[in-house]
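Novice: Sequence and predicted model, in that order:
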Amino acid sequence: MALSFSEDRVYVGAYGFCRDPEGHLLLVRLSEGPDAGLWTLPGGGVLWGEHPDQAVFREMEEETGLLDLELVSIAAIYSHTYHRTRDNPLPPLHHVGLIYELDPLSCQLRTETNGTTDLCRWLSEKEARGLPLTPLAEFGVNLAWPG
């Protein structure tokens, strides 16, 4: 039997679900790619050979400057399939994200420079729901504030 290959891809990411003592959720704004200008959970792709636990800490430091984080648990697993359409001519993609609940020991943020994000903020539910969000961010906001 011959194997069939397609352009379909799976992208595995590790993301931080991080709240400050007042209950604000940490989100970042994407600065490049098809979702530029949208807000999402901080994090990103797991590098070849990298454990997702390490990836989430690396990405959090890159995108938010947060170094002092305690890993609490895996809060959820995100799965979303992006299909090719007239509005989305990119190859189909299955995005799988491990959402890590992280406890910040310091809440002092630093915006990433020359990277994939250009802003990071602690946001209330009202503020977060008022922003243009990626599907991953919508998932995270609903995780933070169900219903």
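Specialist: That came through fine.

Novice: who's in contact with the closest residue to Pro21 other than its chain neighbours?
Specialist: In space, Pro21 comes closest to Cys107 once its chain neighbours are excluded; the distance is 7.4 Å by Cβ to Cβ, 6 or more residues apart in numbering. All C-beta atoms are positioned from the backbone trio N, CA, C, and that covers glycine. Residues near Cys107 by Cβ atoms under 8 Å, 6 or more residues apart in numbering: Asp20, Pro21, Leu66, Trp122.

Novice: element containing Cys107?
Specialist: Assigned by DSSP states H and E, Cys107 belongs to neither a helix nor a strand.

Novice: Not counting its own residues, what contacts the helix ranked longest in the chain?
Specialist: When secondary structure is assigned using DSSP state H, the longest helix within the chain turns out to be helix 52-64. Under the criterion Cβ under 8 Å, 6+ apart, residues 12-16, 18, 26, 28, 42-47, 50, 66-67, 69, 71, 98, 100, 102, 109-110, 112, 115-117, 120 lie in contact with helix 52-64.

Novice: Could you give the backbone dihedrals for Glu138?
Specialist: Taking degrees, to the nearest 10, you get phi -60, psi -40 for the backbone angles of Glu138.

Novice: For it, grab the count of nearby residues.
Specialist: 15 (other Cβ atoms under 10 Å).

Novice: Quickly note the distance from it to Leu131.
Specialist: To Leu131, Glu138 is 10 Å away according to Cβ to Cβ, to the nearest Å.

Novice: swap in Ala137?
Specialist: Ala137 is 8 Å from Leu131, by Cβ to Cβ.
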